[in-house]
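Q: This is a predicted model, with the sequence first.
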Amino acid sequence: MHTVVERELELKLVLSPERSIPVPARLTYRTDDPYAVHITFHIGSHHPVNWTFARELLVEGVFRPCGHGDVRVWPTKVDGRSVVLVALSSPDGDALLELPTAQVSAWLERTLRAVPPGTETEQLGIDDALAELLTPTPATDDLYLCDPWPGDESSSDDL
């Protein structure tokens, strides 16, 4: 059975240093996808915007700047409040998001209790799948025990 850890929150889309707009969002973590976090932004369109990136990136980003390329995360203070900034880049555009540190940290704690760091591969069932794949089936074993080219064992008397 797989567990889903979700959190609805309001983050801010930073438009400029002086201006930001609230954006409802959902953080989702699934134990069947243990390395990833998913953020769904509800931006008023018919289709929400979804981003997926490494849980480890968000965990580290609560404490120190990390990431490069499409996703960068770092902690800071805005108007005396602790926030986590997430910079997202794609061919469609860039976004700077401000998330409340306390809410993100509490949600991350729940994900870390569901799947502690270092145990993610156990959730994937890779070992079980490999064992099943590599276990010979009886039918296959029987083929190896049979001589595929039986010798001519008929006697000349049978002719």
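A: That came in fine, so what should we check first? Numbers count the residues shown, from 1 in each chain.
Q: which residues in this structure form helices?
A: Along the chain, counting by DSSP state H, helices occupy 55-61, 101-114, 120-124, 126-134, 138-145.
Q: For Ala87, list the residues it contacts.
A: Val71, Arg72, Val73, Asp94, Ala95, Leu96, Leu97 (Cβ atoms under 8 Å, 6 or more residues apart in numbering). Just so you know, the C-beta spots here come from the backbone N, C-alpha and C atoms, and that holds for glycine as well.
Q: Apply 10 Å and report the result again.
A: Counting by Cβ atoms under 10 Å, 6 or more residues apart in numbering, Ala87 touches Val14, Gly67, Asp70, Val71, Arg72, Val73, Trp74, Asp94, Ala95, Leu96, Leu97.
Q: List only those of those flagged as buried.
A: By neighbour count, with 16 or more other Cβ atoms under 10 Å, the contacts of Ala87 hold Val14, Gly67, Val71, Arg72, Val73, Trp74, Ala95, Leu96, Leu97 as buried.
Q: Looking at those, which are in strands?
A: Among the buried ones among the contacts of Ala87, the members found in strands (DSSP state E) are Val14, Val71, Arg72, Val73, Trp74, Ala95, Leu96, Leu97.
Q: Can I get those residues in TSV including pLDDT and distance to Ala106?
A: Formatted as TSV, those follow (pLDDT from 0 to 100; distance: Cβ to Cβ, whole Å):
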residue	pLDDT	distance to Ala106
Val14	95	22
Val71	96	21
Arg72	97	22
Val73	97	17
Trp74	97	19
Ala95	93	23
Leu96	96	23
Leu97	96	18
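Q: Could you save these as JSON lines and add columns showing distance to Pro116?
A: Shown next, in JSON lines, are these (distance: Cβ to Cβ, whole Å):
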{"residue": "Val14", "distance to Pro116": "33"}
{"residue": "Val71", "distance to Pro116": "23"}
{"residue": "Arg72", "distance to Pro116": "25"}
{"residue": "Val73", "distance to Pro116": "21"}
{"residue": "Trp74", "distance to Pro116": "24"}
{"residue": "Ala95", "distance to Pro116": "31"}
{"residue": "Leu96", "distance to Pro116": "31"}
{"residue": "Leu97", "distance to Pro116": "27"}
